[in-house]
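> Quick check, what structure comes out for this input:
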Amino acid sequence: MKLGYHLGYWSSGPPEGALEAITTAEDLGFDSVWTAEGYGSDALTPLAWWGASTSRITLGTNIVQLSARTPTATAMAAMTLDHLSGGRFVLGLGASGPQVVEGWYGQPYPKPLARTREYVEIIRRVVAREEPVRFDGDQYRLPLPGGTGLGKPLKSTVHPLRPRIPLYLAAEGPKNVALSAEICDGWLPLFFSPRSDGFYRAALEEGFARRGERPGDFEVAASVPVIVHDDVEEAASWIKPSLALYIGGMGARNMNFHHDVFARMGYADVADKVQDLYLSGRKEEATAAIPTSLVEDTSLIGPPEKIRDELAAWEESVVTTILVRGDAAMLRKVAAVLS
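Numbers count the residues shown, from 1 in each chain. This is a model prediction of the structure:
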């Protein structure tokens, strides 16, 4: 089981101690470091800025949002970062949700799977640089029909360092998970639980079957809260507010993919109650409604011995990398327990 470091979203500004944490992760032998974007900081700029102080660790985005950039712009950024990092870049992509896609980017959200499939194919063509890029899809067309009539197929002026940059897909639903196995090099799960391993394993196998093969190097890099602490309940209390936000407030009542993850996990009643409380403005009650068992199903918390015992289930799952968060001191504690 490999370890990665996930910086997560910025709040009002850059996270304090980020560079120290990244260099500490590299010194500790972590395999990768990842950045995120929502509707504030972007994922690419911090990765280039802080990544310049590293020499070995893999640099990944978790995630670049599809609607934030055209496929060709994302491909340009990927090739640029791959060159600057000496071939250490991994492009993590995700469709996000309708509130961000339509509310922030002003783009239509329907048919996210079809849009993702076309987006990935265009990136592959740009990076391969075998010929000028032509694409006639339902979501994207290159060159653009109409307009001035002067658009023509183009080929990147930059020669890629690698003709195929690793591309991972963030996905929660079974169709998206299967798509990651079919067209990508890895899957970025959120709120993974070993108890749901069979469900996700089947979705991945469906995608591999459509692909016609199961790549030996397919990666599953899961974001997993890890808190080394003698008091399990106190450790859980630090995670519950974030879970309440995602289950209750990240999306609309009739379209919240995070809520659906926990419903499939067996917490449908809890997820419904948390959502009802959160959307009615009772956020503290929503947090209190989350049982510690739910936290333990998707996290590794408690004394070192407990975490080591529970790690076995993760090692037997489809997960190949655990992505953790925290400052440099927390990373040292986590590495001491999980390494």
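> Buried ones in the helix or strand where A236 lies, by neighbour count?
Using DSSP states H and E, A236 maps to helix 232-244. The neighbour-count check on helix 232-244 (16 or more other CB atoms under 10 Å) flags V232, A235, A236, I239, K240, L243, A244 as buried. C-betas here are computed from N, CA, C, even on glycine.
> In this structure the second one contacts H229, no?
Yes. In terms of CB atoms under 8 Å, A235 counts as a neighbour of H229; the distance is 4.1 Å.
> list residues touching both of those two?
Residues touching both A235 and H229 (CB atoms under 8 Å, 6 or more residues apart in numbering): I301, G302.
> would you put the C-alpha positions of stretch 178-189 in PDB?
Taking C-alpha atoms only, stretch 178-189 is exported to PDB below (Å, rounded to 0.1, in the frame of the first residue of the first chain):
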ATOM      1  CA  ALA A 178     -16.600   1.600 -14.700                       C
ATOM      2  CA  LEU A 179     -15.700   4.500 -17.100                       C
ATOM      3  CA  SER A 180     -12.500   5.100 -15.200                       C
ATOM      4  CA  ALA A 181     -11.500   1.500 -15.700                       C
ATOM      5  CA  GLU A 182     -12.400   1.600 -19.400                       C
ATOM      6  CA  ILE A 183     -10.600   4.700 -20.500                       C
ATOM      7  CA  CYS A 184      -8.300   5.900 -17.800                       C
ATOM      8  CA  ASP A 185      -5.100   4.800 -15.900                       C
ATOM      9  CA  GLY A 186      -6.600   5.100 -12.400                       C
ATOM     10  CA  TRP A 187      -9.500   5.900 -10.200                       C
ATOM     11  CA  LEU A 188      -9.800   8.500  -7.500                       C
ATOM     12  CA  PRO A 189     -12.400   7.400  -5.000                       C
END
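> How many residues are close by A21?
22 (other CB atoms under 10 Å).
> who's in contact with D297?
S193, P194, R195, M265.
> and the residues you listed, which two are the farthest apart?
Maximum pairwise distance among those (CB to CB): 10.7 Å, between P194 and M265.
> Surely E37 and N62 touch.
No. Here E37 does not reach N62: they are 9.3 Å apart, not a contact under CB under 8 Å.
> Could you check which of the two is surrounded by more residues?
Remark: of E37 and N62, N62 carries more neighbours, 27 against 22, as counted by other CB under 10 Å.
> so who does the residue lying closest to the more buried one once chain neighbours are set aside touch?
In space, and not counting its chain neighbours, N62 is closest to W34: 4.0 Å by CB to CB, 6 or more residues apart in numbering. With contact taken as CB under 8 Å, 6+ apart, W34 is in contact with G4, Y5, H6, L7, G60, T61, N62, G92, A221, L323.
> Would you agree the second one falls within a strand?
It stands for Y5. Yes. Counting by DSSP: H, G, I helix; E, B strand; the rest coil, Y5 is part of a strand.
> Helix or strand: which one has the residue lying closest to it once chain neighbours are set aside?
Leaving aside its sequence neighbours, Y5 sits nearest to A25 (CB to CB, 6+ apart; 4.0 Å). Element membership of A25, judged by DSSP H and E, is helix 18-27.
> State the mean pLDDT of the longest helix along the chain.
The longest helix of the chain (DSSP state H) is helix 112-128. If you average the pLDDT over helix 112-128, you get 98.
> Which strands or helices does the helix or strand that that helix is followed by pack on?
For helix 112-128, the following helix or strand on the C-terminal side (DSSP H and E) is strand 135-136. Counting contacts by 3 or more CB pairs under 8 Å, 6 or more residues apart in numbering; DSSP states H and E, strand 135-136 is packed against helix 112-128.
> so what secondary structure elements neighbour the helix it packs on?
helix 71-84, strand 89-94, strand 135-136, strand 167-170, helix 174-183.
> how is the chain carved up into domains?
As recorded under automatic domain parsing, the domains making up the chain are 2-228+304-338, 230-302.
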